[in-house]
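>>> everything below, folded, please.
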Amino acid sequence: MNSGKDAIYSQPQQVGSFAFDQNVAEVFPDMIQRSVPGYSTIVDAIGQLCGRHATDNSQIFDLGSALGAASLAASKYVQAKNCQIIAIDNSEAMAKRCELHVQAYKSSTPIKVICDDLQNIEIDNASCVIMNFTLQFIAPEQRAAIIAKIYAGLNKGGILILSEKLKHDSQQGNELLIDLHHEFKRRNGYSDLEISQKRTALEDVMRTDTFEQHQTRLKTTGFTDVIRWFTCFNFSSMVAIKG
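You can find the predicted model right below:
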(Lines give C-alpha, C1' and ligand atoms only; values in the text may rest on other atoms or scores of the structure.)
Protein backbone atom coordinates (compact mmCIF):
# COMPACT_ATOMS: atom_id res chain seq x y z
CA MET A 1 0.00 0.00 0.00
CA ASN A 2 1.26 3.47 -0.87
CA SER A 3 2.40 5.46 2.16
CA GLY A 4 1.20 8.70 0.56
CA LYS A 5 4.79 10.03 0.59
CA ASP A 6 6.05 11.39 -2.71
CA ALA A 7 9.07 9.36 -3.84
CA ILE A 8 8.30 9.39 -7.59
CA TYR A 9 11.65 10.93 -8.58
CA SER A 10 13.77 9.47 -5.76
CA GLN A 11 15.58 6.96 -8.01
CA PRO A 12 17.61 7.72 -11.16
CA GLN A 13 15.36 7.21 -14.19
CA GLN A 14 14.64 8.14 -17.78
CA VAL A 15 12.46 11.17 -17.08
CA GLY A 16 9.37 11.62 -19.24
CA SER A 17 6.93 14.52 -19.20
CA PHE A 18 5.10 15.06 -15.91
CA ALA A 19 1.54 13.72 -15.89
CA PHE A 20 -1.24 13.76 -13.30
CA ASP A 21 -1.54 9.97 -13.37
CA GLN A 22 -2.37 7.33 -10.75
CA ASN A 23 1.12 7.54 -9.20
CA VAL A 24 0.85 11.29 -8.74
CA ALA A 25 -2.76 11.10 -7.49
CA GLU A 26 -1.69 8.70 -4.72
CA VAL A 27 0.93 11.08 -3.31
CA PHE A 28 -0.46 14.44 -4.43
CA PRO A 29 -1.27 15.91 -0.97
CA ASP A 30 2.29 15.20 0.20
CA MET A 31 3.81 16.41 -3.10
CA ILE A 32 1.96 19.71 -3.14
CA GLN A 33 2.57 20.53 0.55
CA ARG A 34 6.31 19.90 0.18
CA SER A 35 6.59 21.66 -3.19
CA VAL A 36 4.40 24.78 -3.04
CA PRO A 37 5.20 27.30 -0.29
CA GLY A 38 2.12 28.50 1.53
CA TYR A 39 -0.19 25.96 -0.11
CA SER A 40 -2.43 25.51 2.96
CA THR A 41 -2.72 29.28 3.37
CA ILE A 42 -3.65 29.67 -0.30
CA VAL A 43 -6.32 26.96 -0.18
CA ASP A 44 -7.94 28.29 2.99
CA ALA A 45 -7.98 31.84 1.62
CA ILE A 46 -9.56 30.60 -1.63
CA GLY A 47 -12.36 29.24 0.55
CA GLN A 48 -12.68 32.60 2.31
CA LEU A 49 -12.73 34.51 -1.00
CA CYS A 50 -15.49 32.24 -2.32
CA GLY A 51 -17.38 32.73 0.93
CA ARG A 52 -17.21 36.52 0.46
CA HIS A 53 -18.20 36.57 -3.22
CA ALA A 54 -20.54 33.62 -3.76
CA THR A 55 -24.10 34.76 -4.40
CA ASP A 56 -27.44 32.98 -4.05
CA ASN A 57 -28.46 30.77 -7.00
CA SER A 58 -25.01 30.91 -8.63
CA GLN A 59 -22.24 28.48 -9.50
CA ILE A 60 -18.58 28.16 -8.46
CA PHE A 61 -16.20 26.49 -10.91
CA ASP A 62 -12.95 24.87 -9.77
CA LEU A 63 -11.00 24.35 -13.00
CA GLY A 64 -8.22 21.80 -12.62
CA SER A 65 -9.52 20.74 -9.23
CA ALA A 66 -7.02 17.87 -8.62
CA LEU A 67 -8.17 16.16 -5.38
CA GLY A 68 -10.64 18.93 -4.57
CA ALA A 69 -8.81 20.91 -1.87
CA ALA A 70 -10.02 24.30 -3.14
CA SER A 71 -13.57 23.03 -3.75
CA LEU A 72 -13.75 21.63 -0.22
CA ALA A 73 -12.40 24.90 1.22
CA ALA A 74 -15.05 26.83 -0.69
CA SER A 75 -17.83 24.52 0.50
CA LYS A 76 -16.70 25.15 4.08
CA TYR A 77 -17.06 28.94 3.79
CA VAL A 78 -19.87 29.50 1.29
CA GLN A 79 -23.14 30.52 2.97
CA ALA A 80 -25.00 31.58 -0.20
CA LYS A 81 -28.25 29.70 -0.80
CA ASN A 82 -28.73 27.29 -3.70
CA CYS A 83 -25.09 27.56 -4.72
CA GLN A 84 -23.25 24.66 -6.38
CA ILE A 85 -19.52 23.99 -6.76
CA ILE A 86 -18.42 22.25 -9.97
CA ALA A 87 -14.97 20.63 -9.76
CA ILE A 88 -13.39 19.76 -13.11
CA ASP A 89 -10.19 17.82 -13.80
CA ASN A 90 -9.07 16.07 -16.96
CA SER A 91 -7.15 13.36 -15.05
CA GLU A 92 -9.34 10.33 -14.38
CA ALA A 93 -7.12 9.29 -11.46
CA MET A 94 -7.47 12.74 -9.87
CA ALA A 95 -11.21 13.00 -10.50
CA LYS A 96 -11.88 9.57 -8.95
CA ARG A 97 -9.98 10.45 -5.80
CA CYS A 98 -11.61 13.87 -5.70
CA GLU A 99 -15.03 12.18 -5.75
CA LEU A 100 -14.03 10.04 -2.75
CA HIS A 101 -12.87 13.12 -0.83
CA VAL A 102 -16.10 14.96 -1.63
CA GLN A 103 -18.27 12.03 -0.55
CA ALA A 104 -16.43 11.88 2.78
CA TYR A 105 -17.11 15.57 3.52
CA LYS A 106 -20.60 16.78 4.28
CA SER A 107 -21.48 20.36 3.41
CA SER A 108 -24.57 22.43 2.70
CA THR A 109 -22.92 23.56 -0.55
CA PRO A 110 -22.82 20.53 -2.89
CA ILE A 111 -19.79 19.69 -5.03
CA LYS A 112 -20.22 18.04 -8.43
CA VAL A 113 -17.08 16.35 -9.81
CA ILE A 114 -16.60 16.15 -13.58
CA CYS A 115 -13.74 14.41 -15.41
CA ASP A 116 -13.22 16.44 -18.59
CA ASP A 117 -10.99 19.01 -20.24
CA LEU A 118 -11.88 22.41 -18.79
CA GLN A 119 -12.04 23.78 -22.34
CA ASN A 120 -15.11 21.57 -22.95
CA ILE A 121 -16.98 22.99 -19.95
CA GLU A 122 -19.62 25.68 -20.36
CA ILE A 123 -19.09 28.35 -17.72
CA ASP A 124 -22.21 30.31 -16.89
CA ASN A 125 -23.92 32.01 -13.96
CA ALA A 126 -20.61 31.94 -12.09
CA SER A 127 -19.97 34.04 -8.99
CA CYS A 128 -16.47 32.55 -8.53
CA VAL A 129 -14.03 30.67 -10.75
CA ILE A 130 -10.95 29.02 -9.24
CA MET A 131 -7.79 28.13 -11.18
CA ASN A 132 -5.38 26.99 -8.48
CA PHE A 133 -2.09 26.27 -10.30
CA THR A 134 -3.93 25.19 -13.46
CA LEU A 135 -3.36 27.81 -16.17
CA GLN A 136 0.41 27.15 -16.12
CA PHE A 137 -0.24 23.65 -17.54
CA ILE A 138 -2.23 24.99 -20.50
CA ALA A 139 -0.48 25.88 -23.76
CA PRO A 140 0.40 29.62 -23.71
CA GLU A 141 -1.42 30.31 -26.99
CA GLN A 142 -4.68 28.98 -25.48
CA ARG A 143 -4.62 31.02 -22.27
CA ALA A 144 -6.21 34.24 -23.52
CA ALA A 145 -9.21 32.35 -24.93
CA ILE A 146 -9.73 30.48 -21.63
CA ILE A 147 -9.59 33.71 -19.60
CA ALA A 148 -12.07 35.31 -22.05
CA LYS A 149 -14.40 32.32 -21.66
CA ILE A 150 -14.24 32.59 -17.86
CA TYR A 151 -14.88 36.34 -17.99
CA ALA A 152 -17.95 35.84 -20.20
CA GLY A 153 -19.35 33.21 -17.81
CA LEU A 154 -18.86 35.28 -14.65
CA ASN A 155 -21.71 37.37 -13.29
CA LYS A 156 -21.11 41.08 -12.65
CA GLY A 157 -19.05 41.40 -9.47
CA GLY A 158 -17.80 37.83 -9.87
CA ILE A 159 -14.18 36.84 -9.28
CA LEU A 160 -11.49 34.69 -10.84
CA ILE A 161 -8.97 33.36 -8.31
CA LEU A 162 -5.77 32.55 -10.16
CA SER A 163 -2.79 30.89 -8.46
CA GLU A 164 0.35 30.43 -10.56
CA LYS A 165 4.05 29.77 -10.44
CA LEU A 166 5.52 32.97 -11.86
CA LYS A 167 8.54 33.81 -13.94
CA HIS A 168 10.42 36.94 -12.88
CA ASP A 169 11.06 39.45 -15.64
CA SER A 170 14.85 39.47 -15.16
CA GLN A 171 17.11 36.42 -15.45
CA GLN A 172 18.92 37.31 -12.22
CA GLY A 173 15.67 37.62 -10.29
CA ASN A 174 14.26 34.47 -11.81
CA GLU A 175 17.32 32.41 -10.87
CA LEU A 176 17.24 33.77 -7.31
CA LEU A 177 13.59 32.75 -6.88
CA ILE A 178 14.25 29.30 -8.36
CA ASP A 179 17.17 28.81 -5.97
CA LEU A 180 15.04 29.82 -2.97
CA HIS A 181 12.29 27.43 -4.08
CA HIS A 182 14.74 24.55 -4.51
CA GLU A 183 16.08 25.19 -1.00
CA PHE A 184 12.47 25.14 0.28
CA LYS A 185 12.08 21.68 -1.29
CA ARG A 186 15.38 20.45 0.19
CA ARG A 187 14.23 21.55 3.64
CA ASN A 188 11.07 19.54 3.07
CA GLY A 189 13.08 16.38 2.46
CA TYR A 190 13.55 16.31 -1.30
CA SER A 191 16.99 15.29 -2.57
CA ASP A 192 18.88 17.15 -5.30
CA LEU A 193 18.18 14.19 -7.60
CA GLU A 194 14.42 14.47 -6.98
CA ILE A 195 14.47 18.23 -7.54
CA SER A 196 16.47 17.90 -10.76
CA GLN A 197 14.37 15.07 -12.23
CA LYS A 198 11.08 16.76 -11.34
CA ARG A 199 12.29 19.97 -12.99
CA THR A 200 13.14 18.02 -16.16
CA ALA A 201 9.71 16.35 -16.13
CA LEU A 202 7.93 19.72 -15.86
CA GLU A 203 9.97 21.57 -18.50
CA ASP A 204 7.67 20.87 -21.43
CA VAL A 205 4.33 20.83 -19.61
CA MET A 206 4.55 23.87 -17.31
CA ARG A 207 5.36 27.19 -18.98
CA THR A 208 5.20 30.12 -16.61
CA ASP A 209 4.24 33.75 -17.23
CA THR A 210 5.32 36.89 -15.36
CA PHE A 211 2.80 38.66 -13.12
CA GLU A 212 2.72 41.50 -15.66
CA GLN A 213 1.72 39.04 -18.42
CA HIS A 214 -1.12 37.70 -16.27
CA GLN A 215 -2.24 41.20 -15.28
CA THR A 216 -2.22 42.46 -18.88
CA ARG A 217 -4.18 39.42 -20.10
CA LEU A 218 -6.79 39.80 -17.36
CA LYS A 219 -7.25 43.55 -17.84
CA THR A 220 -7.33 43.27 -21.63
CA THR A 221 -10.12 40.71 -21.21
CA GLY A 222 -12.14 43.21 -19.19
CA PHE A 223 -11.42 42.51 -15.50
CA THR A 224 -11.50 45.86 -13.71
CA ASP A 225 -9.06 45.02 -10.92
CA VAL A 226 -6.33 42.43 -10.34
CA ILE A 227 -5.17 42.02 -6.74
CA ARG A 228 -2.10 39.95 -5.99
CA TRP A 229 -2.87 38.79 -2.47
CA PHE A 230 -0.24 36.08 -1.92
CA THR A 231 3.40 35.73 -2.97
CA CYS A 232 6.18 33.48 -1.70
CA PHE A 233 9.27 33.01 -3.84
CA ASN A 234 7.98 32.32 -7.39
CA PHE A 235 4.47 31.27 -6.31
CA SER A 236 1.60 33.73 -6.31
CA SER A 237 -2.17 34.00 -6.14
CA MET A 238 -4.31 36.83 -7.44
CA VAL A 239 -7.97 37.80 -7.62
CA ALA A 240 -9.45 39.36 -10.75
CA ILE A 241 -12.78 41.16 -10.33
CA LYS A 242 -15.42 41.56 -13.03
CA GLY A 243 -16.78 45.05 -12.41
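>>> contacts and neighbour counts: CA atoms only from here.
Noted.
>>> how about the contacts made by the residue nearest to the spatial centre of the chain?
Among the residues of the chain, the one closest to the centroid is residue 132, at 1.8 Å (Cα atoms, centre = their mean). For residue 132, the contacting residues are 62, 63, 64, 65, 70, 161, 162, 163, 164, by Cα atoms under 8 Å, 6 or more residues apart in numbering.
>>> quick one: which of the residues you listed sit in strands?
62, 63, 161, 162, 163, 164 (DSSP state E).
>>> gap between residue 154 and residue 125?
As judged by Cα to Cα, to the nearest Å, residue 154 and residue 125 stand 6 Å apart.
>>> which one's more surrounded, those two?
residue 154 (24 against 18; other Cα atoms under 10 Å).
>>> that one contacts residue 128, correct?
Yes - assessed by Cα atoms under 8 Å, residue 154 is found in contact with residue 128 at 7.1 Å.
>>> secondary structure class for residue 155?
Classification of residue 155 by DSSP: H, G, I helix; E, B strand; the rest coil places it in strand.
>>> could you check how far it is from residue 140?
26 Å.
>>> how about the helices in this protein?
22-35, 39-53, 69-77, 92-103, 140-153, 171-187, 192-202, 211-221 (DSSP state H).
>>> which elements pack onto the third one?
Spelled out, that is helix 69-77. The contact analysis (3 or more Cα pairs under 8 Å, 6 or more residues apart in numbering; DSSP states H and E) places helix 69-77 against helix 39-53, strand 84-89, strand 111-115.
>>> quick one: which of the ones you listed is nearest residue 178?
With Cα to Cα as the measure, helix 39-53 is the member of the helices and strands packed on helix 69-77 nearest residue 178 (17.0 Å).
>>> got the angle between the closest one and helix 22-35?
Orientation check (axes from the mean of the first three to the mean of the last three Cα atoms, to 10 degrees): helix 39-53 against helix 22-35 gives 90 degrees.
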